[in-house]
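A.B. asks: Next come a sequence and a model predicted from it.
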Number of protein chains: 2
Amino acid sequence: MLSKNTLKFIKSLHQKKFRKQAGSFFVEGSKNVTELLVSDFEVTHLLYTRSFGDENVPLISNLSAECYEVDERILESLGSFQTNNSALAVARMKVPATIVPQRGEFVLALDEVRDPGNLGTILRIADWYGIRKLVLSARSADFYNPKVLHASMGSFTRVDFSYVDLADFLSETAIPCYGAFLDGTNIHTLKLTMEGILVMGNESHGISSEIAEHIQHRITIPSFGSAESLNVAIATAVICDNFRRFGN
Amino acid sequence: MLSKNTLKFIKSLHQKKFRKQAGSFFVEGSKNVTELLVSDFEVTHLLYTRSFGDENVPLISNLSAECYEVDERILESLGSFQTNNSALAVARMKVPATIVPQRGEFVLALDEVRDPGNLGTILRIADWYGIRKLVLSARSADFYNPKVLHASMGSFTRVDFSYVDLADFLSETAIPCYGAFLDGTNIHTLKLTMEGILVMGNESHGISSEIAEHIQHRITIPSFGSAESLNVAIATAVICDNFRRFGN
């Protein structure tokens, strides 16, 4: 029986403050919940509709979590989706990864990427390009924000991340540091390899001057038209594709 | 004096049906409105705050449109933004472009891209990569949807477009036709040039089988990780970047 306290607890997880206090977060929808269930996150609660239950018997029967079959209206009242006819799950946050870039590694770094949709999309892109390490400045969007997790389409389960003092982080690294600017070297003229830290900046202001000091390689996606800029997630994908095209 | 009828007219433009009847649409926010004012669209109404007016005196004084200085609450009650302290403008739709691809040209084609945010982002990408011609299947998002125009960040003023029967369009063209699939040729192994039609498919189902019949070159962005797919706007940007990197 789903208690009032559990319902209240799940609702509280919409807010960062309560997620932090509880060390827990929730995800919604079939794709994200099934990805969560097969990941190494510790799931504590699973609420699901009959149809989701019927389709995912092995996943659910092996789960050591509080499981409840519920009506989809319950899922909709608890989560952020207007419609949710599948599932909602609560899991424990992971201990943040300690990311120390080694020679031959590639790390993505975000300097105040604040929009949750952008961060989630960037996680999906990182996962597509096989980038497993992400560092974020303290003022970036919260990794466990429901909108971030939703936009990541399950990729949040496969990227290690850490919130860091980005200036300190970059000043202590021994591998090359690249940053996306509007006035850097045309990436089409470079033969990039998958070693380094790639810094992407804020949606409005780009990379801050404090962080820019630590960047050795200012790079730019060449423009052939009149748009002033590209969205930060779009730019991340294009640059990662350029890094990946010549192999390691 | 702003009449009730004008207010009612602007509000009606939220709906595609009334946009079509009136042959008019609206855009909001400083970036999109200023881009609209310097474009060749015929602006019929401009509502702006005092601060927007002060910053854009030359733009406004040369305008042959009904102009009203209003309180930002008026802008917010008429448009779709929660806050709008700049402007809202109404313009006439353009006569749709007739797009007949010629040798040496590049045309972007969308097969049921339904999300307005994706279409708007794709317009911005097309504009960045200097792609001026876009065809859309009838069931794609409406170009004049306020969310499309907003996401395009002004780029909607620089892309010619037409809604077409995409199968007919592709069957009649003499230039190469490329399509984004998950099982095509790795784009990193191709030396693409800026001649052809690039077809991007629906957010859930990709390119429909009816359209796929007309595609000679199935291409794929190589994956290095575990994400199942990339968002259609992200994929469009990466593929356009690959087309652009070897010049014409």
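C.D. replies: Yes, it's here. These numbers were taken from a predicted model, which means no experiment stands behind them.
A.B. asks: Which pLDDT does the model give the spatially most central residue of chain A?
C.D. replies: In chain A, the residue lying closest to the centroid (CA atoms, centre = their mean) is residue A:123, at 3.9 Å. On the pLDDT scale, residue A:123 is placed at 98.
A.B. asks: which is the next helix or strand following the helix or strand bottoming out on mean pLDDT in chain A?
C.D. replies: Taking mean pLDDT, DSSP states H and E as the measure, the helix or strand of chain A with the lowest value is helix A:57-61, at a mean of 92. Next along the chain after helix A:57-61, taking DSSP states H and E as the criterion, comes strand A:66-69.
A.B. asks: Flag every buried residue along that following strand.
C.D. replies: residue A:67 (16 or more other CB atoms under 10 Å in any protein chain shown). Quick note: C-beta positions are derived from backbone N, CA and C, even for glycine.
A.B. asks: Likewise for stretch A:12-31?
C.D. replies: Those buried within stretch A:12-31 under the rule 16+ other CB under 10 Å are A:13, A:19, A:24, A:25, A:26, A:27, A:28, A:29, A:30.
A.B. asks: helices or strands next to the longest strand anywhere in chain A in the packing?
C.D. replies: Assignment by DSSP state E gives strand A:177-186 as the longest strand of chain A. Secondary-structure packing of strand A:177-186 (3 or more CB pairs under 8 Å, 6 or more residues apart in numbering or on different chains; DSSP states H and E): strand A:196-200, helix A:209-212, strand A:217-220, helix A:232-244.
A.B. asks: And those: which comes nearest chain B?
C.D. replies: helix A:232-244 (4.6 Å; CB to the nearest CB).
A.B. asks: next one: the closest one to chain centre, how far?
C.D. replies: 15 Å (CA atoms, centre = their mean, to the nearest Å).
A.B. asks: That helix and chain B, any residue contact?
C.D. replies: Yes: using CB under 8 Å from any CB of the partner chain, helix A:232-244 reaches chain B at A:233, A:234, A:237, A:238, A:241, A:242, A:244.
A.B. asks: So which bits of chain A are right by chain B?
C.D. replies: Residues of chain A lying near chain B (CB under 8 Å from any CB): A:121, A:124-132, A:153-155, A:158, A:188, A:221-231, A:233-234, A:237-238, A:241-242, A:244-245.
A.B. asks: Show me which of the residues you listed are buried.
C.D. replies: Buried among these by 16+ other CB under 10 Å: A:121, A:124-132, A:153-155, A:158, A:221, A:223, A:225, A:227, A:229-231, A:233-234, A:237-238, A:241-242, A:244-245.
A.B. asks: re the thing from before, for the residue nearest to the centre of chain A, which residues are in contact?
C.D. replies: Residue A:123 makes contact with A:134, A:148, A:151, A:152, A:155, A:156, A:159 under the criterion CB atoms under 8 Å, 6 or more residues apart in numbering or on different chains.
A.B. asks: shaky segments in chain A?
C.D. replies: A:247-248 (pLDDT under 70).
A.B. asks: And for residue A:201, the neighbour number?
C.D. replies: A total of 22 residues lie near residue A:201 under the criterion other CB atoms under 10 Å in any protein chain shown.
A.B. asks: The residue nearest to it when sequence neighbours are not counted and residue A:232, how far apart?
C.D. replies: Distances taken as CB to CB, 6 or more residues apart in numbering or on different chains put residue A:207 closest to residue A:201, at 3.5 Å, once the chain neighbours are dropped. Residue A:207 is 10 Å from residue A:232, where distance means CB to CB, to the nearest Å.
A.B. asks: Quick check: residue A:94 touching residue A:41?
C.D. replies: Yes: counting by CB atoms under 8 Å, residue A:41 is a contact partner of residue A:94 at 6.8 Å.
A.B. asks: can I see the domain layout of chain A?
C.D. replies: Listed domain ranges for chain A are A:4-92, A:106-244 (source: automatic domain parsing).
A.B. asks: just how off-centre is the first one within its chain?
C.D. replies: Relative to the chain's own centre, domain A:4-92 is displaced by 18 Å; criterion: CA atoms, centre = their mean.
A.B. asks: any chance you could map the strands in chain A?
C.D. replies: A:24-28, A:43-48, A:66-69, A:87-92, A:106-110, A:133-137, A:160-164, A:177-186, A:196-200, A:217-220.
A.B. asks: Would you tell me which one of these is buried the most?
C.D. replies: Ranked by mean neighbour count, the strands of chain A are led by strand A:106-110 with a mean of 26 (mean count of other CB atoms under 10 Å in any protein chain shown).
A.B. asks: what's that one in contact with?
C.D. replies: A:99, A:101, A:119, A:122, A:126, A:131, A:133-137, A:140, A:166, A:169-170, A:175, A:194-200, A:236, A:240, A:243.
A.B. asks: how does it look with 7 Å?
C.D. replies: With contact meaning CB atoms under 7 Å, 6 or more residues apart in numbering or on different chains, strand A:106-110 is reached by A:99, A:101, A:126, A:131, A:133-137, A:140, A:166, A:194-200, A:243.
A.B. asks: if I read this right, residue A:69 contacts residue A:47, doesn't it?
C.D. replies: No: Residue A:69 lies out of contact with residue A:47 (CB atoms under 7 Å); the separation is 8.1 Å.
A.B. asks: Are there residues contacting both of the two? Which ones?
C.D. replies: With CB under 7 Å, 6+ apart as the test, residue A:69 and residue A:47 reach no residue in common.
A.B. asks: Please determine how far residue A:162 is located from residue A:136.
C.D. replies: From residue A:162 to residue A:136 the distance is 7 Å (CB to CB).
A.B. asks: ah, wrong one, I meant residue A:188
C.D. replies: 28 Å.
A.B. asks: Check residue A:233 too.
C.D. replies: For residue A:233, the distance to residue A:136 - CB to CB - is 14 Å.
A.B. asks: just residue A:90 next, same as before
C.D. replies: Taking CB to CB, one finds residue A:90 at 23 Å from residue A:136.
A.B. asks: cool, and residue A:204?
C.D. replies: Distance from residue A:204 to residue A:136, by CB to CB: 17 Å.
A.B. asks: So in terms of bridging, what pairs with the residue nearest to residue A:2 when sequence neighbours are not counted?
C.D. replies: With sequence-adjacent residues excluded and distances taken as CB to CB, 6+ apart, residue A:2 is closest to residue A:68, at 4.9 Å. On the basis of DSSP bridges, residue A:68 is bridged to residue A:47.
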